[in-house]
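Peer 1: Whatever this is, show me its structure:
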Amino acid sequence: MALVITDEVLQKTNLSEKELLTDIACYLYEKKKLSMGKAKELAGLNQLQFQAALAEREIDIHYSITDLQQDLDNLKIELDIYSHASSNSTTKSKAPLNNTPRQR
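Peer 2: Numbering: from 1, shown residues only. You can find the predicted model right below:
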């Protein structure tokens, strides 16, 4: 199926063709009508560019705890967040799980 947007309509939006496609792709991703892969394909962007476009529009990436667990399983990484939280409070605390530096 081809969707035709006339030049007149495109001009009324004050957007370039690329910007309009990116807006449409981001909207459909936000509404969970397209996966990230399909949405970035529609926008003609790579992964990082599409994630930047989402961030510019303040659209959250759909990534659940289940998605994280599946990714960890696929990578054969075991992460036990509960043992980290229950570590002995008299010892120095370990680095945060996300490996971001602590603020002083």
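Peer 1: residue ranges of the helices in the chain, please?
Peer 2: Assigned by DSSP state H, the chain shows helices spanning 7-13, 17-30, 36-43, 47-56, 65-74, 81-85.
Peer 1: I'd like those helices as a markdown table, with distance to residue 1, mean neighbour count and mean pLDDT appended.
Peer 2: Heads up, the C-betas are built off the backbone N, CA and C, glycines and all. Shown next, in a markdown table, are the helices of the chain (distance: least, Cβ to Cβ, whole Å; neighbours: other Cβ atoms under 10 Å; pLDDT from 0 to 100):
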| stretch | distance to residue 1 | mean neighbour count | mean pLDDT |
| --- | --- | --- | --- |
| helix 7-13 | 18 | 10 | 94 |
| helix 17-30 | 14 | 17 | 97 |
| helix 36-43 | 13 | 17 | 96 |
| helix 47-56 | 22 | 14 | 97 |
| helix 65-74 | 30 | 10 | 87 |
| helix 81-85 | 45 | 9 | 59 |
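Peer 1: And the pLDDT for the residue most central in space within the chain?
Peer 2: Residue closest to the mean C-alpha point of the chain, counted by Cα atoms, centre = their mean, is residue 61 at 3.0 Å. Here the pLDDT value assigned to residue 61 is 94.
Peer 1: go on, residue 103?
Peer 2: Model confidence at residue 103, given as pLDDT, is 51.
Peer 1: Grab the nearest non-local neighbour of residue 23.
Peer 2: Setting aside the residues directly before and after it, residue 23 is nearest to residue 15 in space (Cβ to Cβ, 6 or more residues apart in numbering), at 6.9 Å.
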